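Participant: coords below, sequence missing:
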Ligand code: HEC
Ligand code: HEC
Ligand code: HEC
Ligand code: HEC
Ligand code: HEC
């Protein structure tokens, strides 16, 4: 009799465990996001700009385009005239130039690069609504969170720590979940570049540091 009750109980526990494990697996396997979690967000952009090509293969420095990242809140997205520094001269890819060698009819401006010219022209003409390329923002924090790139750059934290290997991405993808736990985990760590007094660490975990 006593044994029966014990076995009964064990079966109940096992049943509950199976349900929990099953639920966890189903969340992991589906594309379902936990509320507010946009990890792996990878929107299609209006121009198929590739970091792998520009920052990776061509080794253009991140700061050449994101010149705000070291001393302001926002890293910023470059306006079309930064692209024009090169694309004034580069209107085809090497592949397209090769193809055109045999077939003159193929010698035309790349479809994707033409979009830069259109944005640049409309910016010059000052046309309303058309001034900039409408890039879709990948990383988004809620409005009630305060974040700035500057203190992180000052502390010597590399872009890759938070954004992953952007230079190997054809299309930018959000690598971390940008949750409060993610921020705090790092704020609790030791950062050798700083004097990690106990007081400073507590300050970095203080609600008012990240919430107005
Ligand atoms: C400590 C983490 C962290 C580091 C280090 C970091 N970023 Fe960010 N970055 C973020 C977060 C968080 C956002 C979203 C900010 C928002 O929504 O206000 C962001 C947003 C951006 C954006 C979108 C535009 C903007 O400014 O909001 C760009 C571009 C960017 N980062 C580039 C960089 C580059 C380049 C570096 C290295 C020089 C870098 N980031 C270093 C966390 C980081
Ligand atoms: C330092 C020079 C330089 C800058 C700055 C630059 N590019 Fe490029 N880009 C190139 C070169 C060179 C190529 C051709 C690479 C090849 O031969 O395939 C290219 C290729 C491209 C392509 C075509 C890729 C393909 O395979 O279809 C696009 C789209 C593009 N760039 C967009 C941009 C945008 C948008 C900006 C500004 C945010 C920009 N580029 C800034 C040098 C530059
Ligand atoms: C030639 C210019 C150029 C260079 C160099 C460049 N970027 Fe970008 N970056 C862009 C443009 C344009 C966008 C917006 C379109 C997109 O998301 O691909 C962007 C978007 C981003 C974003 C996403 C911002 C958002 O919307 O949240 C991050 C993060 C980023 N870049 C990081 C980097 C890092 C890190 C490097 C250096 C390894 C780098 N970029 C080099 C032009 C550049
Ligand atoms: C990879 C580590 C890391 C991550 C991730 C990170 N931080 Fe930080 N944060 C730091 C370090 C280190 C400092 C600088 C400490 C210093 O200068 O003493 C800092 C400083 C700050 C400061 C300035 C505090 C002050 O009093 O000057 C703010 C605000 C901040 N972080 C917000 C955030 C937010 C919001 C997030 C998440 C979206 C975040 N951080 C994610 C490491 C990180
Ligand atoms: C290092 C930065 C940082 C610190 C310090 C911090 N938070 Fe947050 N907090 C965040 C970020 C980032 C989010 C947004 C999370 C998201 O969008 O998933 C957030 C979200 C929240 C939310 C909304 C949660 C929800 O599910 O909507 C509350 C409430 C909150 N924080 C309270 C606090 C309190 C209370 C403290 C102090 C004990 C604190 N936070 C300290 C970064 C921070």
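Facilitator: Received the coordinates, thanks. All values derive from a computational prediction rather than experimental measurement. Ligands and ions are numbered 1, 2, ... in the order given.

Participant: start to end distance for stretch 202-212?
Facilitator: 17 Å (CA to CA, to the nearest Å).

Participant: Could you check it against ligand 4 for contacts?
Facilitator: Yes: residues of stretch 202-212 contacting ligand 4 under CB under 6 Å from any ligand atom: 203, 204, 209, 210. Any C-beta I mention is one placed from the backbone N, CA and C, and that applies to glycine too.

Participant: buried stuff in stretch 201-208?
Facilitator: 201, 204 (16 or more other CB atoms under 10 Å).

Participant: Is that stretch positioned near ligand 5?
Facilitator: Yes: using CB under 6 Å from any ligand atom, stretch 201-208 reaches ligand 5 at 205, 206, 207.

Participant: about what we covered before: could I get the residues of stretch 202-212 next to ligand 4 as CSV with distance to ligand 3, pLDDT and secondary structure?
Facilitator: CSV is the format used below for the residues of stretch 202-212 next to ligand 4 (distance: CB to the nearest ligand atom, whole Å; pLDDT from 0 to 100; DSSP: H, G, I helix; E, B strand; the rest coil):
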residue, distance to ligand 3, pLDDT, secondary structure
203, 27, 90, helix
204, 22, 93, helix
209, 22, 96, helix
210, 18, 97, helix
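
Participant: quick one: which of those is nearest residue 86?
Facilitator: For the residues of stretch 202-212 next to ligand 4, the minimum distance to residue 86 (CB to CB) is 38.0 Å, reached by residue 210.

Participant: dump the residue contacts of the closest one.
Facilitator: 145, 146, 147, 180, 183 (CB atoms under 8 Å, 6 or more residues apart in numbering).

Participant: Give the next helix or strand downstream of the helix-or-strand element of the chain with minimal mean pLDDT.
Facilitator: When each helix and strand of the chain is scored by mean pLDDT, DSSP states H and E, helix 2-29 comes last, with a mean of 49. Next along the chain after helix 2-29, taking DSSP states H and E as the criterion, comes helix 51.

Participant: So what's the model's average confidence on that following helix?
Facilitator: Averaging pLDDT along helix 51 yields 98.

Participant: From here on, call the first residue 11.
Facilitator: Shifting the count to begin at 11 puts that one at helix 61.

Participant: Now look at it and say if it contacts ligand 2.
Facilitator: No: using CB under 6 Å from any ligand atom, helix 61 stays clear of ligand 2, coming no nearer than 9.9 Å.

Participant: touching ligand 1 at all, that helix?
Facilitator: No: on the criterion CB under 6 Å from any ligand atom, helix 61 is out of touch with ligand 1, staying 10.1 Å away.

Participant: And for that helix, what's in contact with it?
Facilitator: 176, 177, 178, 179, 180, 182.

Participant: next structured bit after that helix?
Facilitator: helix 72-75.
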